[in-house]
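[1] Sequence and predicted model, in that order:
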Amino acid sequence: MKDAQPRTVYLKDYRAPDYLVDSTRLHFELQPQDTLVKSRLQIRRNPAAESAPGETLPPLLLDGVDLELLSLSIDGELVPASRYRELPEGLSIHVQNPEFVLEIHNRINPRDNTSLEGLYLSNGMYCTQCEAEGFRKITYYPDRPDVMSRFTTTIVAPRQYPVLLSNGNQIERRATEDGRLLVTWEDPFAKPAYLFALVAGELQTVEDSFTTASGREVKLQIFTEAKNIRKCDHAMRSLKKAMRWDEEVYGREYDLDIFMVVAVDHFNMGAMENKGLNIFNSACVLASPETATDATFQRIESIVGHEYFHNWSGNRVTCRDWFQLSLKEGFTVFRDAEFSADMNSRAVKRIEDVSLLRTAQFAEDGGPMAHPVRPDSYMEISNFYTLTVYEKGAEVVRMIHTLLGTEGFRKGSDLYFQRHDGCAVTCEDFVAAMEDANGVDLTQFRRWYSQAGTPVLEVSDAFDAAHGTYILTVRQSCPATPGQNKKLPFHIPLAVGLLGADGRDLSLDPQGTTQKVLQVSETEQTFNFTGLKEKPLPSLLRGFSAPVKVRYGYSTEQLLFLMRNDSDEFNRWDAGQRLAFMALEQLQKDYREGRDLQLQPQLVDAYRSVLQNPELDPALVAEMLTLPSAQTLAEQCERIDAEAIIVAREFARGALAEALKGELLDCYRRLDCDKPYRPEAADIAERSLKNTCLAYLCVTEEPELLTLAQAQFENAANMTDSAAALASLVNHAADDMAQPALESFYERWQQDTQVVELWFGLQSTSARRGTLESVRELMQHPAFELTNPNKVRAVIGGFANRNFIQFHRADGRGFEFLAEQVVALDKLNPQIAARLVTPITRWKKYTGELGEKMHRALQSVMESGRLSRDLYEVVSKSLV
Ligand code: 0A1
Ligand code: ZN
């Protein structure tokens with residue numbers, strides 16, 4: 001295992017590689033505990049290397065972890081021990097010529113590799129994960145993204161592995177003399193080692209084809225175990241949509257003759273964009289109407305799109321170093337979000353993404369691991385696959401899109417791809433291409449890449465009736481983050497509209513423009529709107545035009561007005577969220593001060609009119625009826641009083657359910673019809689609203705209403721309805737109703753891995769007392785595996801991240817449980833352990849004893865013994 005050396009890598013220390021690898025020939029002989037890897041590298045001195053000129057050549061440094069070196073030769077001659085040195089994580093080789101062929105033989109053990117980096121076994125199938133630094137667990141190599149090489153890969157395996165895959169095109173397939181199978185693949189595109197992939201197994205395939213805009217035929221294949229073969233259709237449809245979309249929106253065509261996707265059960269993340277051979281977590285690719293929810297269908301579409309889009313934003317143009325990770329991830333998340341918005345409801349997609357950002361990314365930005373979109377340093381790069389790099393990075397790209405407009409942005413992306421095709425580049429190169437294609441100056445805008453923290457905009461206004469001028473004053477600030485005390489002002493695109501007394505958008509200029517993007521760039525700035533007859537109501541940050549917090553003293557009436565009238569659907573939703581937030585804050589205060597709780601009647605009325613508004617998209621109604629989550633409320637507090645948040649939110653939900661019972665029931669009945677399942681936006685919207693109503697109705701815990709859930713559970717013909725009903729039963733029905741439902745569900749679906757994961761999640765997120773004890777029991781369930789990240793995420797992650805109520809139980813046992821599991825997991829899979837510990841790293845924000853208990857739990861992790869580098873980085877930075 002990698003150890004906990006607190007070695008920190010800095011962006012400022014970046015140096016071009018001393019050597020380049022023109023070609024890489026790999027030869028694998030697969031055996032579970034004894035795989036032989038032979039590599040043949042054509043190496044040459046990098047003409048652009050910065051190392052000191054002189055007679056002697058610098059040593060060749062190769063990365064290598066958990067490898068058994070068998071032999072090393074240069075230009076056909078064995079290298080004597082005196083000419084190389086084994087380092088803790090690699091080799092240093094003395095070099096005599098500026099060009100040479102290096103051959104390495106080494107052995108690895110895929111079966112015992114539970115880290116799921118490098119080459120490992122998942123249910124008897126060999127697969128690889130090389131991003132970010134996994135290739136070094138396969139063989140010694142300059143494992144850095146700016147070393148790009150042409151790969152040829154030969155795989156030799158026993159007959160029980162008929163499917164042998166790697167990147168590029170298959171150029172050879174035959175039996176060896178000893179009866180094994182040998183297959184060779186050649187990838188014509190130079191790539192960094194992190195995009196290498198290998199798969200071997202007994203797999204079935206679903207095939208299709210796609211004709212590119214220029215008329216080339218591409219073979220599409222999805223590989224999976226035989227039992228899942230009927231769950232690939234949605235992913236295949238999504239892939240073809242994504243391929244077409246990238247041609248239409250970005251002018252990007254696919255570039256190989258074959259595109260393969262493989263589903264594996266053991267995977268640390270969602271999926272991986274290896275050139276021509278994407279490897280997916282089964283949970284992010286397999287779906288059927290009976291077994292997958294609408295949310296899963298949509299997630300699959302977006303992840304299939306995401307990985308496919310990486311072929312250009314990531315593979316053809318890749319990252320120079322890992323500090324530039326957002327270059328490919330921020331851009332690709334922006335691309336997949338727009339793809340999903342085009343395929344589904346744009347407003348709802350935006351609401352979902354912003355909710356995630358506000359809840360989890362803002363918390364990251366305000367926590368001990370806060371870092372800029374382009375970090376300055378890291379101990380373990382795996383810890384920087386974060387919401388900041390991905391989601392905030394995507395918001396940064398979105399802001400560039402907002403500033404340049406659709407056409408300007410496309411000019412910029414065309415220039416970027418053309419200029420840097422085949423190269424490993426930086427975030428700076430991306431911004432420069434956007435500037436050069438549009439003749440704009442984004443100097444100040446670049447601070448979004450280098451400054452961490454969530455900016456706050458304080459907005460105030462005044463109306464000069466005599467001149468008909470409306471004045472908006474915007475003050476920006478950004479809290480200090482670790483290592484960055486002082487922040488310089490950001491360049492913030494602030495989209496605004498002004499509503500008149502009739503609820504319509506006012507014209508902001510003689511051309512009749514109703515929305516403007518204000519360029520906020522100073523600490524304090526004013527913006528004048530002239531020619532107005534009355535003081536308007538501002539609709540601020542429309543569409544969430546920047547990842548900031550906006551403070552403006554809206555009154556309850558003004559928020560109700562925006563909720564009813566704003567032409568920006570996102571801001572209609574957001575006005576409702578602000579209103580709910582205000583009501584919930586009042587409830588928390590009343591609770592702390594011992595007063596009786598009473599929900600603001602205006603909130604109830606507002607929810608009623610939303611529910612009864614036939615013009616709104618049902619999916620938007622469902623979002624508007626959903627109170628901000630406890631996590632979101634927690635993020636917005638200066639100090640978190642978990643108990644007050646829980647009491648206030650539960651009370652508000654109960655009061656809403658009680659007051660709106662009739663309307664909710666009407667709406668539920670209207671939508672509860674037998675339609676054949678289609679994962680299409682309109683149908684998803686109806687199911688979403690129907691199940692939102694059901695969830696509220698069950699909050700009342702009234703027997704007749706719980707019977708609705710029971711009936712829906714028994715009759716559901718799709719997993720969306722079945723799972724929603726079961727969730728309501730688990731959370732609100734008595735054991736004699738909930739338990740049999742859980743049991744029959746398991747009975748029916750026990751053979752289906754994805755459904756069993758969902759079943760685990762329904763239980764670990766139950767708000768009922770006793771959930772921690774059930775979680776411990778679930779960990780003893782035969783279907784639970786500590787070595788499978790999906791199971792860990794469903795059971796332990798569900799409890800710690802998606803069960804605010806039970807995780808924050810007052811005795812602190814929730815935190816102790818998490819600490820215990822993190823320590824155990826660290827021995828198996830450091831990446832997962834380091835992610836899982838997140839909830840207890842935020843201890844400083846909690847008030848009172850709960851904060852102390854959380855702190856103690858985190859300390860116990862540190863004191864448990866030797867930690868992996870991954871976990872050490874997160875825990876040590878969070879204890880400071
Ligand atoms: N590039 C992938 C994410 C990914 C990163 C690391 C992994 O293994 C540790 C796996 C996948 C993506 O953005 O989809
Ligand atoms: Zn990605």
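    Cool, the structure landed. Numbering: from 1, shown residues only. Ligands and ions are numbered 1, 2, ... in the order given.

[2] what sits against Ala619?
    Applying Cβ atoms under 8 Å, 6 or more residues apart in numbering, one finds that Ala619 lies in contact with Ser345, Val348, Ala681, Ile684, Ala685, Ser688, Leu689. Heads up, the C-betas are built off the backbone N, CA and C, glycines and all.

[3] what about the fifth one, neighbour count?
    Think Ala685. 22 (other Cβ atoms under 10 Å).

[4] Please verify my assumption that it contacts Ser345.
    Yes: if you go by Cβ atoms under 8 Å, Ala685 and Ser345 touch, sitting 6.7 Å apart.

[5] Around ligand 1, pick out the residues from the protein.
    Contact residues, the chain versus ligand 1 (Cβ under 6 Å from any ligand atom): 129, 131, 268-273, 306-307, 329, 382, 385, 831.

[6] Filter those down to just the ones in strands.
    Taking DSSP state E, the ones among the residues of the chain next to ligand 1 that sit in strands are Gln129, Ala271, Met272.

[7] can the residues of the chain next to ligand 1 go into TSV with extra columns for neighbour count?
    TSV is the format used below for those (neighbours: other Cβ atoms under 10 Å):
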residue	neighbour count
Gln129	26
Glu131	25
Asn268	21
Met269	19
Gly270	16
Ala271	23
Met272	25
Glu273	23
His306	26
Glu307	25
Glu329	25
Ser382	26
Tyr385	18
Gln831	23
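
[8] List the contacts of the nearest residue to Asp376 once chain neighbours are set aside.
    Excluding the flanking residues, the one nearest Asp376 by Cβ to Cβ, 6 or more residues apart in numbering is Leu11, at 5.2 Å. Contact analysis of Leu11 by Cβ under 8 Å, 6+ apart lists Asp321, Phe323, Arg374, Pro375, Asp376, Ser377.

[9] which among those end up buried?
    Buried members of the contacts of Leu11, scored by 16 or more other Cβ atoms under 10 Å, are Asp321, Phe323, Arg374, Pro375, Asp376.

[10] hmm, which two among the residues you listed are most spread apart?
    Maximum pairwise distance in these, criterion Cβ to Cβ, is 11.9 Å, between Asp321 and Asp376.

[11] got the residue ranges for the helices in the stretch 751-880 of the chain?
    For the stretch 751-880 of the chain, helices defined by DSSP state H, counting those that start in this stretch occupy the ranges 753-764, 771-778, 789-792, 798-801, 804-807, 813-826, 830-836, 838-841, 848-862, 869-879.

[12] can you list these in CSV and add mean pLDDT?
    Shown next, in CSV, are those (pLDDT from 0 to 100):
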stretch, mean pLDDT
helix 753-764, 98
helix 771-778, 98
helix 789-792, 98
helix 798-801, 98
helix 804-807, 98
helix 813-826, 98
helix 830-836, 98
helix 838-841, 98
helix 848-862, 98
helix 869-879, 98
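
[13] For this protein, give the residue positioned nearest to ligand 1.
    Residue nearest to ligand 1 within the chain: Met269 (3.6 Å; Cβ to the nearest ligand atom).

[14] distance of that residue from Gln831?
    As defined by Cβ to Cβ, to the nearest Å, Met269 lies at a distance of 8 Å from Gln831.

[15] same deal with Pro614?
    From Pro614 to Gln831 the distance is 48 Å (Cβ to Cβ).
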